[in-house]
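Participant: Sequence and predicted structure, then a few things I'm wondering about:
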Amino acid sequence: MKTENKRLIKLKFSQTTLLFALIMMLVVAITCVSPSFLTWRNIRNVFMQNAITGIIVASMTIVMIAGGIDLAVGNQLSFLGCLLAVLINKGIPEGWSVLIVLAISTLLCAISGLIIANTTAQPFIITLGFMSVYKALALITAGGSDIPIRSFQWLGQTQLLGVIIPVWIFLFLFLIVALVLQFTKFGRSVYSLGSNEQAAYISGIPVKRLKVIVYAINGLFIGLAAAAMLSRLGSAVPTMADGYEMTVIAACAIGGITLTGGEGSALGSFLGLLFLGIVRNGLNMMSVPTFYQYLVNGTIIVIAVLLSNYNSRKKA
Amino acid sequence: MREKILQLKNISKAFPGVQALEEVNFDLETGEVHCIVGGNGAGKSTLIKILAGVYSPDGGEILLDGVRYERFTPHISRDLGIQTIYQETLLAPTLSVAENIFLGDSLINRNGVVKWKEIRARAKEILDLLEVDIDIDAKVRDLGIAGKQAVQIAKALANESRIMIFDEPTASFGRKEVDNLFKIIRTLKQRGVGIIYISHRIEEVFEIADRISVFKDGKSVAHHDSKEGLAFNTLIHEMVGRSTNQFYDRERVPVGGVVLEVENLRGSDVNGISFSLKRGEVLGIGGMVGSKRTELLRLIFGADRLLSGTVTYKGKTFQPKSPLQMMKKGFCMVTEDRAITGLLMKRSLKENIMICKYSKFPQMFLNMKEEERITRAEMERLSIKAKSPDQLVLNLSGGNQQKAILAKWLLTNGDIFIMDEPTRGIDIAAKEDLYQLIVEIAKNGGSVILVSSDMPELVCMSDRILIMKDGSLAGELLQENISEENIIRVIVGG
Ligand SMILES: Nc1ncnc2c1ncn2[C@@H]1O[C@H](COP(=O)(O)OP(=O)(O)OP(=O)(O)O)[C@@H](O)[C@H]1O
Ligand SMILES: [Mg+2]
């Protein structure tokens, strides 16, 4: 009744505002326990720790708003990292190696996009299959062991205004995605596709082509993330990014994107990622054992999804 | 002797930015049909959703059998014997017709086994009452909108109840289906069921109503205890504040030469259809529910896979491949199903109205200012009742959603308008505005293909009528032969 109305109005302020408030509360709480949390050094750390996943969160935001999903991102990232390491160690110039990896990555995701666009198969299942394919490819490429790289570390080490380049790449890409989703026709079609594919199709949106493009963009971003990650670590490990898809998808979900698509925003996903990153960082600072960290992380994801479910039910 | 079963007193309900209902009083007796009429967004559906327990009122009380309730929940409402047939169909798309009809029902025997035989038999029985030709084993998602509505009605009929609420049940029904529904409603009346009936088809209301309440802007503004002596125009005037003619008399426009030639179109449900369309012509397509008219339109618009056949337009012969291709050539398609092919329910009115314009014309960036301006202009032109251009389409009333679909296509400046039940669920004033728009399109040299189950509409608007039957053309009526009787003759006859 009265209260119900108030709640409806409040939800208009949206999940993003809510999330922002939550992050603020979290920051205050953690700072109270361990004051060193709110230092420039540590904040920089949070961004450094999340730059690689962040790059993929940016493109996953587009994929998921369009109603798709890609579970293979983590394993694909590991595979591309190994591939790039092999190329660089073969003596192929760094620039060319990176370009080759970007091209391959984009192409691979475009292929999953093509399959998803042209069949009725669920993206969830298709990319689940690819996950395993990439895992194998990573192990095969690396020949079962780690591959230290002889050069290319500069990208991950060089600082610009006191912050390493991967963080800048992450922030820059996120900004681009936010602008594209907000202000371009392409961004608008992504929302349309996600909210009602049939209506979008009848309204003249080339849904198949759009799906392929969306996945291809994801591939491009994964390639960039692979380059950033490899140069940061200085060596490729065939399992280096396994499980990243969890964090990526969780960040998007916490940020307000639903599995059905058509909702959410880049800002939301950014805050979702920040939220997860701060929680992890905070737990570390309070030296909570890793086992428990998984527990906390998992619980947060479940609560976030419940919240967003509740939210969309209210709207209906 | 009739007795009051239901009484609503001073019911109010507000949504952010709109007072959907304001101190509304309403009552229902056993064995009567109480009709509610009113313009789009008047609050009719909101009232019945309160009775169904979907919304709780902000104030007022509900008396059922003299027992006072502050609000219902869907559960209480069902237990009290209230069945609702919503304006928008709510069915499980991947289940069969029979399964949907008995969904949530306990047709399970003692051993926990579903009584399939009985379910199928009873589903068939109920659908036969309606005399609609629907395969009970078909998946609901494969049915047209009229089919879905029939299933929805059957589902409600399958449950014995004391109060039945129909929210625009006939919006996509033809005369025959309406007659059958009315037959059923009359039987229900005799059994003492109280019926609330909402419709924008005023002639239907006059036919079935015992009492009529008129809603306007969330208030109950008039009430008629009998339809004796009640003039059509009085009712219209109370509803929309202006008079209209019961039979719209459209301005005739000279029809020019052939612009579109459809040759031997064949799709999975359409068996080789050929016809031509002339400049400035309104070509009606009639037929019974399930005669595959929507399927034909989708083929022409490139939305479904064409098996064979061609289209000749502006001197070029080709096969329609995609909606985008057809749109660029100047075709528009106003679809019949709002939720599935029509609108992005979870997005704003603005986004929905702009979508086709953006797809048709090359442009990289969105123009926010223009979106706002255009949307407001369309809201004005079609009198779309919305709080703002940013309101979610989901929260618009059914008729206003329909107007949003019209608006998005009108903005593409097309030449060939394919319209599938364009007046489904819109009020009588808006209907006249749309008719005027159609005439305007014809005057400017455009052409319209109009599919409608509303017979008077088809008769008054068309320059020529094609009749479809089972996916084929069954006949053609030229202007001088157009009449309801002739249409029915072609439909029924060989
Ligand atoms: N869930 C909602 N949230 C916000 N506004 C709503 C919601 N549901 C309805 N409204 C608004 O309440 C008003 C009444 O809507 P309602 O659906 O009852 O109209 P209606 O009389 O059924 O119209 P129609 O003939 O078009 O179906 C409209 O202005 C509508 O926009
Ligand atoms: Mg309604």
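Facilitator: Thanks, I have the structure now. Ligands and ions are numbered 1, 2, ... in the order given.
Participant: Next up, the contacts around residue 53.
Facilitator: Chain wasn't specified; assuming chain A. Residues near residue A:53 by CB atoms under 8 Å, 6 or more residues apart in numbering or on different chains: A:225, A:244, A:247-248, A:251, A:273. (C-beta placed from N, C-alpha, C; glycine too.)
Participant: please go with chain B instead
Facilitator: Residues in contact with residue B:53, defined by CB under 8 Å, 6+ apart, are B:71-78.
Participant: Please flag which of these sit within helices.
Facilitator: Among the contacts of residue B:53, the residues falling in helices (DSSP state H) are B:74-78.
Participant: Going through the contacts of residue B:53, which ones are buried?
Facilitator: The neighbour-count test (16 or more other CB atoms under 10 Å in any protein chain shown) applied to these identifies B:71-72, B:77-78 as buried.
Participant: ok, the residue of the stretch 51-200 of chain B found nearest ligand 2 - how many residues close by?
Facilitator: Proximity of the stretch 51-200 of chain B to ligand 2 (CB to the ion) peaks at residue B:87, 4.7 Å away. Look at residue B:87: counted by other CB atoms under 10 Å in any protein chain shown, it has 25 neighbours.
Participant: Among the ones in helices among the contacts of residue B:53, which one sits closest to residue A:27?
Facilitator: residue B:74 (42.0 Å; CB to CB).
Participant: coming back round to it: could I get the ones in helices among the contacts of residue B:53 as CSV with distance to chain A?
Facilitator: Shown next, in CSV, are those (distance: CB to the nearest CB, whole Å):
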residue, distance to chain A
B:74, 14
B:75, 17
B:76, 16
B:77, 17
B:78, 19
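Participant: could these go into CSV alongside pLDDT and distance to residue A:209?
Facilitator: Output for the ones in helices among the contacts of residue B:53, formatted as CSV (pLDDT from 0 to 100; distance: CB to CB, whole Å):
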residue, pLDDT, distance to residue A:209
B:74, 88, 42
B:75, 88, 46
B:76, 88, 50
B:77, 89, 47
B:78, 86, 46
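Participant: closest to ligand 1 among the residues you listed?
Facilitator: Relative to ligand 1, the closest of the ones in helices among the contacts of residue B:53 is residue B:74; by CB to the nearest ligand atom it sits at 15.3 Å.
Participant: residue contacts, that closest one?
Facilitator: Per CB under 8 Å, 6+ apart, neighbours of residue B:74: B:52-54.
Participant: cool, residue B:328 as well?
Facilitator: By CB under 8 Å, 6+ apart, the neighbours of residue B:328 are A:204, B:360.
Participant: try it again with 7 Å
Facilitator: Applying CB atoms under 7 Å, 6 or more residues apart in numbering or on different chains, we find residue B:328 in contact with residue B:360.
Participant: Quick check: pLDDT value at it.
Facilitator: For residue B:328, the model assigns a pLDDT of 93.
Participant: next one: phi and psi at it?
Facilitator: phi -60, psi -30 (degrees, to the nearest 10).
Participant: Can you tell me how far it is from residue A:204?
Facilitator: 8 Å (CB to CB, to the nearest Å).
Participant: cool, residue A:143 as well?
Facilitator: For residue A:143, the distance to residue A:204 - CB to CB - is 50 Å.
Participant: what about these two, which has more around it?
Facilitator: A count of neighbours by other CB under 10 Å puts residue A:204 above the other of residue A:143 and residue A:204, at 24 against 11.
Participant: what secondary structure does the closest residue to that one other than its chain neighbours sit in?
Facilitator: What sits nearest to residue A:204 in space, not counting adjacent residues and going by CB to CB, 6 or more residues apart in numbering or on different chains, is residue B:359, at 3.2 Å. Three-state assignment for residue B:359 (DSSP: H, G, I helix; E, B strand; the rest coil): helix.
Participant: Residue B:359: how many residues sit nearby?
Facilitator: A count of nearby residues for residue B:359, using other CB under 10 Å, gives 23.
Participant: Same question for residue B:254.
Facilitator: Residue B:254 sits with 9 neighbouring residues when counted by other CB under 10 Å.
Participant: The one 3 residues further on now?
Facilitator: Residue B:257 is flanked by 8 other residues according to other CB under 10 Å.
Participant: All set, thanks.
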